[in-house]
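Visitor: Structure, please.
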Amino acid sequence: MRTKNLKVGFEILTPAKARLIAHLIGDGSVYRSNHDYNIKYEVKDTESLNSFEKDIVFVYGLKLTKGFKESGFTGKPIPFLRLRSKLAFQDLHRYATYMSKDWKIKKELLLATKEIKKEFLKAFFDDEGSITNEGKKGIVKLYSINLTGLKQIQKILLEFSITSSIRPGYGQKRNVYGLIIKELIIFSDSVGFSLTRKQEKLISLM
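Guide: Numbering: from 1, shown residues only. Below is the predicted model:
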């Protein structure tokens, strides 16, 4: 496989790179297949896809390939973006691991500035977060089968004075954990969503 040169300065941890890391933990994947080093992001929201594509170009200076994958749940096509790059693959692993069951945020991201962490959280909640009613109040939920990873998110949220709880028992197999945030105003003011439809719903329930 021919090695693609990356943009000068790619090794710097920027807000754009923090968003890439979050999206790849959330609705993406970073994996090897045969001789390829793959970076793939698949999601229905065009807004998120466009943001991911812009951030890849900004951080690495590389073009993505586009396609569709059939959903295992609905059978409908889901758009995806993919990049094959060994150097980008290696760089992304400086900050996190990306398997759904045991993803982990590494030290370099955990020790980053609050600006970096805010962009990471916004992108992660865009992919994995939801806003629902619980009784007469709205709550924000973040789902994952990875309890250890959710506890890392919980600690980062505390840096923004956002408290949360983690509950087990979600999903068909009851193996999914939910991180619950009840203080919607604090969440919206300190982090919030980048995804327009979710931020609008959050505001409507505040």
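Visitor: in the protein, which spans are helices?
Guide: Along the chain, counting by DSSP state H, helices occupy 15-26, 46-60, 86-92, 107-110, 114-128, 147-158, 184-190, 196-205.
Visitor: What are the contacting residues of the third one?
Guide: With contact meaning Cβ atoms under 8 Å, 6 or more residues apart in numbering, helix 86-92 is reached by 1, 3-6, 10-11, 20-21, 24, 30, 32, 37-39, 60, 62, 98. Every C-beta, even on glycine, is put in place using the N, C-alpha and C of the backbone.
Visitor: That one - what's its average pLDDT?
Guide: In this model, helix 86-92 carries a mean pLDDT of 97.
Visitor: Return the set of buried residues in it.
Guide: Leu87, Ala88, Phe89, Asp91, Leu92 (16 or more other Cβ atoms under 10 Å).
Visitor: Can I have the buried ones of the contacts of helix 86-92 as a ChimeraX selection?
Guide: Typed into ChimeraX, the line below selects the buried ones among the contacts of helix 86-92, using 16+ other Cβ under 10 Å:
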select :6,10,20,21,24,30,37,38,39,60,62,98
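Visitor: Now, the contacts of helix 86-92 that are in strands?
Guide: Cross-referencing the contacts of helix 86-92 against strands under DSSP state E gives Val30, Arg32, Tyr37, Asn38, Ile39.
Visitor: Got the domain ranges for the protein?
Guide: Listed domain ranges for the chain are 15-112, 116-205 (source: automatic domain parsing).
Visitor: Tell me how far Ile185 lies from Asp36.
Guide: Computed as Cβ to Cβ, to the nearest Å, the Ile185 to Asp36 distance reads 45 Å.
Visitor: Before I go, just wanted to say thanks for your time.
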